[in-house]
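S.K.: sequence first, then the predicted structure:
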Amino acid sequence: THIRFLSPCSSQFDSNQKKYRWVRKNYMSDSTNGGCDEETALSQEVKDVLVSAINATLYNNEHPETQIVLDVDHSLTANQGPCNDNVDSASAAGASVTVGDKCWTHSHEDEWQVFEFSPWILLHPGNKEAFHKRKPNPIGKPAESELTDNLEDSVTINYPDWKPMKRWNDEHWRFTSIGRYGDTIDFSTLDPQAQRPGMAEYVGATQSGWSNPGMEVCGSPNEVANEPSRGHQYHTYRQGDQGDISDYFIDQDHSATMSGLNICLTIGKNAQDQLRQRVAWALSEIFIVSKNDINRESQAEYWTNYYDIFVRHAFGNFHDILKEVAYSPLMGVMLTYESSKSLAWGVEEKDAMLFPDENFAREI
């Protein structure tokens, strides 16, 4: 990817960016090789300023020998003698320099920054295309790869070279920043979305983001639990004392908008009571609710709850079906009688002849 960023010598730095990032791209081998295989051609004066700034920052670091990501304050380099806005100094953008026996490369401010990308595993727009082409989830793939000596293969998501950098700059607020790769951080200080039970177990930490495990609400009568090990992929979210948290799983290869359909198709295809399932499908084609008219596409519970009405009453009576459909929030939105008021209410409260919505009644 061709990424443009300012030289560490530049005085034109972003007011929000007080530091310039340097990384040891080949940290597994640079010290063995005695530094950079290929240093950037810089004047000795400019190089001396950069090396001095990196050394000064390392001096204040708790573990200088093992540090692989460094944020150097712009005041240590910008306009320091020969390190200024001239042409020679501009070449320091993206430069690699040897400091001691290590090779440091000037990089984009977010390079080797660790972000919580779990939500993007589900929400990434390219997931659907990859799924239809029988390709792995493009965001989940690195996380599912084995950790290797090649950092690029194990923990890095490469930004596509056909996307403008502005897209990252505008959208990266969506991802919770965890810290710099290689740093040691306190698990309890992480954003609650990063303190997932699986991660807490993996690092041997205590999950502190939630005071209780919570419960699922708005489920259907006799509903059974989701079972991911059997291929059931069900997007859920929780609300609690630490805010709203969505539960996204790496093995989910569909968007949240497909959860309701996946549930119905899984049951319809594999259930033993095929006659009941087919009658339920036929009834759902009579009492129609459409995602084109209801903006709750990603909220699977609304749709599965509604469809379960017909599964439960497939061999029952019309009265029970009609009663549950009438009380369904989806039908209330679909045929516009949600929040409808009676004529008596209009007269008493508003002193006006305000008629109730009759759309559903006419359909019946």
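M.R.: Arrived safely, thanks for sending. Computed from a prediction, not measured in an experiment: that's the story for all the values here.
S.K.: surely F5 touches H108?
M.R.: Yes: F5 lies in contact with H108 (C-beta atoms under 8 Å); the separation is 5.3 Å. Heads up, the C-betas are built off the backbone N, CA and C, glycines and all.
S.K.: show me where the stretch 251-364 of the chain has helices.
M.R.: Taking DSSP state H, counting those that start in this stretch, the helices of the stretch 251-364 of the chain run over residues 259-270, 274-284, 300-312, 318-327, 329-334, 343-350, 359-363.
S.K.: next: the stretch 1-150 of the chain.
M.R.: Applying DSSP H, counting those that start in this stretch to the stretch 1-150 of the chain gives helices spanning 30-33, 44-59, 87-90, 118-123, 127-132, 140-144.
S.K.: okay, the ones you listed, which one's buried deepest?
M.R.: Here the criterion is mean neighbour count by mean count of other C-beta atoms under 10 Å, and of the helices of the stretch 1-150 of the chain the winner is helix 118-123, at a mean of 20.
S.K.: if I look at the nearest residue in space to N55 that is not next to it in sequence, how far off is M165?
M.R.: Of all residues beyond its chain neighbours, the one nearest N55 is V99 (6.3 Å), with distances taken as C-beta to C-beta, 6 or more residues apart in numbering. Distance of V99 to M165, given as C-beta to C-beta, to the nearest Å: 28 Å.
S.K.: partners of V114 in the sheet?
M.R.: Counting by DSSP bridges, V114 forms beta bridges with G179.
S.K.: my read: it touches G179, true?
M.R.: Yes: applying C-beta under 8 Å as the test, V114 and G179 come out as touching, 5.6 Å apart.
S.K.: which one of these two has more residues nearby?
M.R.: For V114 versus G179, the count of surrounding residues by other C-beta atoms under 10 Å is larger for V114: 19 against 15.
S.K.: using CSV, write out every CA atom in stretch 189-198.
M.R.: The C-alpha trace of stretch 189-198 is given here as CSV (Å, rounded to 0.1, in the frame of the first residue of the first chain):
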residue,chain,number,x,y,z
THR,A,189,-7.9,-1.6,32.0
LEU,A,190,-9.0,-2.8,28.5
ASP,A,191,-12.3,-1.6,26.9
PRO,A,192,-15.1,-4.0,28.0
GLN,A,193,-15.5,-5.2,24.4
ALA,A,194,-12.0,-6.5,24.6
GLN,A,195,-12.6,-8.3,27.9
ARG,A,196,-14.4,-11.2,26.3
PRO,A,197,-14.6,-14.5,28.2
GLY,A,198,-12.6,-16.3,25.5
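S.K.: ok, now which ones touch the residue lying closest to P82 once chain neighbours are set aside?
M.R.: The shortest distance from P82 to any non-neighbouring residue, by C-beta to C-beta, 6+ apart, is to E45 (3.9 Å). Going by C-beta atoms under 8 Å, 6 or more residues apart in numbering, E45 touches 81-83.
S.K.: quick revisit: more crowded one of V99 and M165?
M.R.: V99 (21 against 14).
S.K.: now do the more buried one against M28, distance only.
M.R.: Applying C-beta to C-beta, the value for V99 to M28 is 17 Å.
S.K.: give me the neighbour count for the spatially closest residue to H124 that is not a sequence neighbour.
M.R.: Leaving out its chain neighbours, the residue that sits closest to H124 by C-beta to C-beta, 6+ apart is I139, at 4.9 Å. Neighbour count of I139, defined by other C-beta under 10 Å: 21.
S.K.: which regions of the stretch 251-364 of the chain sit below the pLDDT cut-off?
M.R.: Scanning the stretch 251-364 of the chain for pLDDT under 70 picks out 251-260, 297-298.
S.K.: does G332 touch E338 like I think?
M.R.: Yes: with contact defined as C-beta under 8 Å, G332 reaches E338; the gap is 3.6 Å.
S.K.: can you pick out the residue with more neighbours from those two?
M.R.: More crowded of G332 and E338, by other C-beta under 10 Å: G332, with 19 against 13.
S.K.: count of neighbours near the nearest residue to E223 once chain neighbours are set aside?
M.R.: With sequence-adjacent residues excluded and distances taken as C-beta to C-beta, 6+ apart, E223 is closest to D308, at 7.5 Å. The tally of other residues near D308 (other C-beta under 10 Å) stands at 20.
S.K.: any idea how far D308 is from R278?
M.R.: Going from D308 to R278 by C-beta to C-beta gives 15 Å.
S.K.: check W345 too.
M.R.: W345 sits 42 Å away from R278, going by C-beta to C-beta.
S.K.: next, the contact list for T176, please.
M.R.: Going by C-beta under 8 Å, 6+ apart, T176 touches 115-116, 191, 193-194.
S.K.: by neighbour count, which of the residues you listed wins?
M.R.: A194 (21 neighbours).
S.K.: tell me the pLDDT at it?
M.R.: Model confidence at A194, given as pLDDT, is 76.
S.K.: picking up where we left off before, for the contacts of E45, which one is nearest T40?
M.R.: C83 (13.5 Å; C-beta to C-beta).
S.K.: distance of the closest one relative to T57?
M.R.: Distance, C83 to T57, using C-beta to C-beta: 15 Å.
S.K.: could you find the closest non-adjacent residue to I157?
M.R.: Sequence neighbours aside, P142 is the residue nearest to I157 in space, at 5.6 Å (criterion: C-beta to C-beta, 6+ apart).
S.K.: touching, the one you found and T156? I think so.
M.R.: Yes: in this structure, P142 is within contact of T156 by C-beta under 8 Å, at 6.4 Å.
S.K.: returning to what we had before: restricted to strands, list the contacts of T176.
M.R.: Here DSSP state E is the test, and the contacts of T176 give 115-116 as lying in strands.
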